[in-house]
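>>> how would this look folded up:
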Amino acid sequence: MTKQSLSLSTVLGTGVFCAALVAAPITASLISGSAYALDASMTKNCTSEVLAKLGTTQSALNSLSIDKNTLTDAINSAKALPNYSKYASVVDKYLELVWSDRYMDALGSKDTNEQKAIATELMNTIRDAGFVLINEPGIIDDFDAATSQDGLLNEVYSAWQEAHPEWADYADINSAVSVVEGNIHGGLVPDYTNADLFLGAVCSATKLDPSFKVAYTTGSNPFTNNSGNTGNTGGNTGSTTPDTTTPATIENSDNGVKVSGININVNYTLNVNLISTDLLKLTGSNFKNSTNQAFYDIFIHDSQNNVINNTGEVQVSIKLPKGMSASSDFIVYYVPTAMNGEYLTDQAQAIKGVKVSSDGWLTFQTNHFSVYGIVEYPKNKAPNTGVVAQSEGSATTASAKVVAGIVSVLTAAGAAIVARRQIMRKKIAKNEN
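Residues are numbered from 1 along each chain as shown. Just a heads-up that it's a prediction; the model follows:
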């Protein structure tokens, strides 16, 4: 997956890149159908109810075109929400502190006093913003660095998140704001389009305030030509025409992968990087019976070598690698990647609706190019989390949580926080040895 590299000056800038809650996968309803071309982590608040208030529909989003002026208007309007600045100030301070060498050193050396001093800075910001946490003194006073894995700063921040769950929607707005304004902490960010960022801001703002309207001062309302919609458009006319294009297929013959979809151009190039199991392997109780694993990083380029993200829903077909049998059971997993390149294996999600043909082709639907893993099990030995039948069958009913299509489990900043914690834990382990 192509990622954007940020300079050190940007990483250390005064702004922040806010995150959705990183402790759990996103479960909010996502836009569907042709809107799968949009980035799920940025547009997760674009439910049908929110889109109706904005004056658009799910089916109209595939052709959404947003210029820089329109995006700027949306960002400025979302930032004007009454409570936006106070929520942003807390996450700003948290990310400033958690990415500091000062906190890294305090965590690595298990320095209780320094961690208390740093966490107090965040606590003061929380209080100055007008928030109240239960057991405020106890969080800091009772802290013992020797028994903590994530550190006091993260304990305080998590307590604030739990006490004020609405913070996540304000953070989603600030995610878009920070990308547009270039104020980002930490390494690498997804290659969001203007449409992703526009919808990330306006859908989150509309969810928080149903009366929210974008003040179009330099740009123009992109929804004015949608059919039968009202909301902040002032009434719309016109119609939309469904895309009936015949699906096209592109192939990476070297690695046995094909991608098909109505928005696939035959002139696109399908890139597939095989990831060694020395670098990436899924472990734990769900994988104890697995016999083989294979991982693929899949993405598409156009003729100008630009990464293509807006392909909508596509079918991915993978020829089973040598050593895997079509008569086995299989589960396909989406594996998120943190901003520092680490694979978030604990966040891997099983894909529902996978099929395997008798001639050894495994297929599944997705709206998101990224890292996918094929996990092989002996027949009837796989866990019940979206297991495929061994011949042309579809996935069994899942008793565990699976995803239909791909939902990004973290915003980019959420991945940054996870990555930072991983770095911290590695440093602690190194110091202990």
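>>> what's around Asn292, how many residues?
17 (other Cβ atoms under 10 Å). All C-beta spots, glycine's among them, are computed from the backbone N, C-alpha and C.
>>> isn't it right next to Ser325, touching?
No: between Asn292 and Ser325 there is no contact under Cβ atoms under 8 Å: 9.3 Å.
>>> where do the contact lists of those two overlap?
Glu376 (Cβ atoms under 8 Å, 6 or more residues apart in numbering).
>>> Pass me the low-pLDDT residue ranges in the stretch 251-400 of the chain, would you?
309-310, 338-341, 384-400 (pLDDT under 70).
>>> So which residues of the stretch 301-433 of the chain form strands?
314-319, 329-335, 349-350, 355-356, 361-366, 371-377 (DSSP state E, counting those that start in this stretch).
>>> Rebuild those strands as a markdown table, extending it with distance to Ser253.
As requested, those are arranged in a markdown table below (distance: least, Cβ to Cβ, whole Å):
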| stretch | distance to Ser253 |
| --- | --- |
| strand 314-319 | 9 |
| strand 329-335 | 21 |
| strand 349-350 | 28 |
| strand 355-356 | 20 |
| strand 361-366 | 13 |
| strand 371-377 | 18 |
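>>> would you turn these into JSON lines with mean neighbour count and distance to Met123?
Putting those into JSON lines (neighbours: other Cβ atoms under 10 Å; distance: least, Cβ to Cβ, whole Å) gives the following:
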{"stretch": "strand 314-319", "mean neighbour count": "20", "distance to Met123": "47"}
{"stretch": "strand 329-335", "mean neighbour count": "24", "distance to Met123": "36"}
{"stretch": "strand 349-350", "mean neighbour count": "22", "distance to Met123": "34"}
{"stretch": "strand 355-356", "mean neighbour count": "24", "distance to Met123": "52"}
{"stretch": "strand 361-366", "mean neighbour count": "20", "distance to Met123": "42"}
{"stretch": "strand 371-377", "mean neighbour count": "23", "distance to Met123": "38"}
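>>> out of the ones you listed, nearest to Met104?
strand 329-335 (26.1 Å; Cβ to Cβ).
>>> what sits against the closest residue to Asn194 other than its chain neighbours?
Spatially, and ignoring its direct neighbours in sequence, Asn194 is nearest to Ile66 (4.0 Å; Cβ to Cβ, 6 or more residues apart in numbering). By Cβ under 8 Å, 6+ apart, Ile66 lies in contact with Ala74, Thr193, Asn194, Ala195, Leu197, Phe198, Pro222.
>>> Between the residues you listed, which sits nearest Tyr84?
Nearest to Tyr84 out of the contacts of Ile66 is Ala74 (Cβ to Cβ; 13.2 Å).
>>> outside of the host helix or strand of that closest one, which residues touch it?
Using DSSP states H and E, Ala74 falls within helix 68-79. Contact with helix 68-79 is made by 66, 84-85, 173, 176-177, 180-181, 194, 197-198, 201-202, 204-205, 212-222, as judged by Cβ under 8 Å, 6+ apart.
>>> Going along the chain, name the helices of the stretch 151-300 of the chain.
152-163, 167-181, 194-208 (DSSP state H, counting those that start in this stretch).
>>> Could you identify which of these is most buried?
With neighbours taken as mean count of other Cβ atoms under 10 Å, the helices of the stretch 151-300 of the chain reach their highest mean count in helix 194-208, at a mean of 26.
>>> Could you give the average pLDDT over that helix?
Averaged across helix 194-208, the pLDDT comes to 92.
>>> Can you spell out which helices and strands pack onto it?
When contacts are defined as 3 or more Cβ pairs under 8 Å, 6 or more residues apart in numbering; DSSP states H and E, helix 194-208 sits against helix 48-54, helix 68-79, helix 167-181.
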